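> Predicted coordinates and the sequence they were generated for:
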Amino acid sequence: MADTILILEDESLLGAELRRHFQRQDWEVCLCSSLAEARHWLLEQQLDPLVVLSDMSLGDGNALSLLEEVRKAQRPQEWIFLTGYGSIPDSVQALRLGAFDFLEKPCDLGRLDLVVQGAARSARAQRRVELMSSSDGQGVDAFVGRSVAAERVRALLQRLLTVPFSALAITGETGTGKGLVARILHQGGLHRDGPMVEINCAALPKELLESELFGHEAGAFTGAKGRRRGLLEQASGGTLFLDELGEMDIELQAKLLKAIEDKRIRRLGGEQEIQVDVQIIAATHRNLQQRVEQGSFREDLYHRLSVFQLELPALRERLDDIQDLVWPLVHEFNLKANRRVRHIPPEVWQRLRQHHWPGNVRELRNVVERCVLLAEDERFPLEWLQLGKSHEAEPAPVMKAEVQGDALVLPLDGSMALDEMEKHIIETALMRHGNNVVATARALGTTRETLRYRLQKYHIKI
């Protein structure tokens, strides 16, 4: 499904030209010639474009008033103002209201394309952040990524949301997103109307963890002055998330298995059995089968949890997801720290793809946070990546672009940046058309002005 751009322009010829231009780039275009028409689509019809490209001064008012209404309605579009009558106060007000950029007419289409692409990336990232931070609907799409590994995880999650499981294990290296997956399973599953209670089994000694899970009666042990409901009771009707289950004492594992099987517990020092209806989601970075063989994990509990087991891939196994993960994080930290990072140089993407990521997505989040907080302008700073050579994977052999017959073959293994690919395409097209700019622009499906902009950008001489 194509992304939507709303164009608000009262000059009919310019509006029609912009509509054709963006339709050629596979945008779904909504063209409005007045504030009233744009207000109808955005606020009454709830049209949800990624980007709004707007004139500032129109026949029925100033577009800043509409932007203010849209912001109050919390609509997540990025706005770009394109005007020949801009003023400094208007520019300041537009940026205060969160406009993405402010361009003066006449604007080079190549420059406009770059700004619109940046705005679209920002809008997509903002929507992913909102999805992932949603308290009532953390769907499977919150596990972000376009790789085969990410798609496989989402497909399995979608099936598990309809399964009435009593216990399930999530395995994977530290930082792969086990907590996120547990929240997706709870918030979208059959126990979503109940509470979700979490505990880290590695953070407490055996005696205290047992009391936390099962509760206690007054006088059950020294210091137990009153009755206390355990987490299994507190999570009844919902989900108990046991993080780092592999660290749990083996004797306590036996009590946990009995609680899962019987759906009944007894508080420490208590005599009465208490019915509980709770689904257990356990997470661990350990290899539980190895721990069974070593005698540190109960085989019967392992088999009970393995009925439904979900193994999360390491980040180095899903490098195609790097961009999908980075942009939402950039947007999140832009908001938190009042930064405006929009541009990530090709060298940064290359370094991110080369890194081995022993800390997985958690490490990536820390890297992005550091770089955004220390950024001095709109550029993502390469100098603050600080990934270190010791963790980098061996670089793949560099593949070159080559012409095979009538086709230009380009590598898709990350060894060539997008800008470098575009430059090769333009150079090859120019060579095929004898450096004729008009014929080359026609062959590439672009305008002469845009092609000339690209020639200047890449220092291509003809």
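Good, I have the coordinates. Just so you know, these numbers come straight off a predicted model, no measurement behind them. Numbering: from 1, shown residues only.
> Let me see the contact set for residue 107.
Counting by C-beta atoms under 8 Å, 6 or more residues apart in numbering, residue 107 makes contact with residue 82. C-betas here are computed from N, CA, C, even on glycine.
> can you start the count at 477 instead of 1 from here on
Taking 477 as the first residue, the last one we looked at is residue 583.
> does it count as helix, strand or coil?
coil (DSSP: H, G, I helix; E, B strand; the rest coil).
> Now do it against residue 483, distance only.
13 Å (C-beta to C-beta, to the nearest Å).
> residue boundaries of the helices in the stretch 777-926 of the chain?
Assigned by DSSP state H, counting those that start in this stretch, the stretch 777-926 of the chain shows helices spanning 798-813, 822-830, 836-850, 894-908, 913-920, 924-933.
> Redo those as TSV? Include distance to residue 782, mean pLDDT and mean neighbour count.
Output for these, formatted as TSV (distance: least, C-beta to C-beta, whole Å; pLDDT from 0 to 100; neighbours: other C-beta atoms under 10 Å):
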stretch	distance to residue 782	mean pLDDT	mean neighbour count
helix 798-813	29	88	19
helix 822-830	34	93	17
helix 836-850	23	94	18
helix 894-908	43	78	16
helix 913-920	55	82	16
helix 924-933	55	76	16
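> Spit out the contact partners of residue 534.
Contacts of residue 534 by C-beta under 8 Å, 6+ apart are 484, 486, 510-511.
> ok now do the closest residue to residue 585 other than its chain neighbours, which residues does it touch?
Spatial nearest neighbour of residue 585, excluding adjacent residues (C-beta to C-beta, 6 or more residues apart in numbering): residue 926 at 5.0 Å. By C-beta under 8 Å, 6+ apart, the contact list for residue 926 reads 584-586, 589, 917.
> Can you give me the distance of residue 926 to residue 652?
Where residue 652 is concerned, residue 926 sits at a distance of 42 Å (C-beta to C-beta).
> With residue 836 instead?
Applying C-beta to C-beta to residue 836 and residue 652 gives a distance of 5 Å.
> Overlap in contacts, the two.
790-791.
> before we move on, the earlier item: could you name the stretch from the helices of the stretch 777-926 of the chain that's closest to residue 781?
Closest to residue 781 of these is helix 836-850 (C-beta to C-beta; 21.9 Å).
> which helices and strands sit right next to that closest one?
Contacts defined by 3 or more C-beta pairs under 8 Å, 6 or more residues apart in numbering; DSSP states H and E place helix 836-850 against helix 798-813.
> of all the contacts of residue 926, which comes closest to residue 791?
The closest of these, once distances to residue 791 are taken by C-beta to C-beta, is residue 589, at 31.2 Å.
> Name the nearest residue to that closest one, sequence neighbours excluded.
residue 926 (7.1 Å).
> re the thing from before, buried subset of the contacts of residue 926 as a ChimeraX selection?
Buried residues among these (16 or more other C-beta atoms under 10 Å), as a ChimeraX selection:
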select :585,586,589,917
